[in-house]
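>>> Build the 3D model from these lines:
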Amino acid sequence: MSNHYHVILYVDAIQAENWSHKSVIERWHRLFNGTLFSQRYARGESLSKVELNVLDKDVVTWRARLQDISWFMRVLNEAIARQANAEDNCTGRFWEGRFKSQALLDEAALAACLAYVDLNPIRAGMAKTPESSEFTSIQQRITTAQLAHTPNHLQQQTKGLMPFAGYPRQDSPKGLPFRLTDYLELVDWTGRIIREDKRGAIDESLPPILERLNIEAKHWLFLTQHFESRFKGLVGTAYQLKQVCEKLGYQRAPGLKNCQTYFP
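Below you'll find the predicted structure:
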């Protein structure tokens, strides 16, 4: 957008914990210079036992930071700020404040947030259709799908984005728990309703994915226009919300009423 951006992240903690020392160091060096010991290690030079012990401690810290959303946002925002200030030939604070983060607890919350983000340019009047919305993942996915022989195949989806793996099953591959074509249909349908601003006029031919997620059409349309403003840090069904709050030791479940309303 013109003054902000949205990003949906998936932290693969299991994969990150299985990275080798070399892999952690290589990834860290893509962002920072590292230390003298890590630079020597990357060049294949031998280190003493004491030096390796020091490097091991650094690797533990770096591994944690590489799977930390706060560190991800810190690095990303700093890069954007430096580029923007260079273009404007100025210095000083670029971002107004700290980023806002919401945890998506289940499929329904994930689908609603995905559509909310992908339809941002349409709500703002910057684009008329998802495929014409610049700098969005939905545009990239549509472009790739149009050229693919089998759009739902994982290998034929957009590289660099989490693939749509289809409906959850026991041997389901890693990816978003929907079929790509179903999601594209859902976003297209939603975009048309939002763009035409037909209050109360909802198409009878609803995308089947809404029925599977047990979300009413009127609630879905509201979510895709007001997702950020209706929820606090945790989003999902009341059951999922209560479970997570119990694990986190919360005495109250924040946003419980809204979760009960929009994710029955």
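
>>> Now do the helices in the stretch 51-200 of the chain.
Taking DSSP state H, counting those that start in this stretch, the helices of the stretch 51-200 of the chain run over residues 69-88, 107-118, 120-123, 137-147, 180-196.

>>> Point out the most buried one among those helices.
helix 107-118 (a mean of 23; mean count of other C-beta atoms under 10 Å). C-beta coordinates here come from the backbone N, C-alpha and C atoms, glycine included.

>>> Export it to CSV, keeping only CA atoms.
Taking Å, rounded to 0.1, in the frame of the first residue of the first chain, the C-alpha atoms of helix 107-118 are listed here in CSV:
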residue,chain,number,x,y,z
GLU,A,107,-8.0,-22.5,9.0
ALA,A,108,-10.9,-20.1,9.2
ALA,A,109,-8.8,-17.3,10.7
LEU,A,110,-6.1,-18.0,8.1
ALA,A,111,-8.4,-17.9,5.2
ALA,A,112,-10.0,-14.6,6.4
CYS,A,113,-6.7,-13.0,6.9
LEU,A,114,-5.3,-14.1,3.6
ALA,A,115,-8.3,-12.7,1.7
TYR,A,116,-8.2,-9.5,3.8
VAL,A,117,-4.6,-8.9,2.8
ASP,A,118,-5.0,-9.9,-0.8
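
>>> what does it rub up against?
Applying C-beta atoms under 8 Å, 6 or more residues apart in numbering, the contact partners of helix 107-118 are 6-8, 102, 104, 130, 133, 136-138, 168, 176-178, 183, 186-187, 190, 209, 213-215, 220, 223-225, 227-228, 235-237, 262-263.

>>> out of the helices of the stretch 51-200 of the chain, which comes closest to W62?
Closest approach to W62 among the helices of the stretch 51-200 of the chain is made by helix 69-88 (9.6 Å; C-beta to C-beta).
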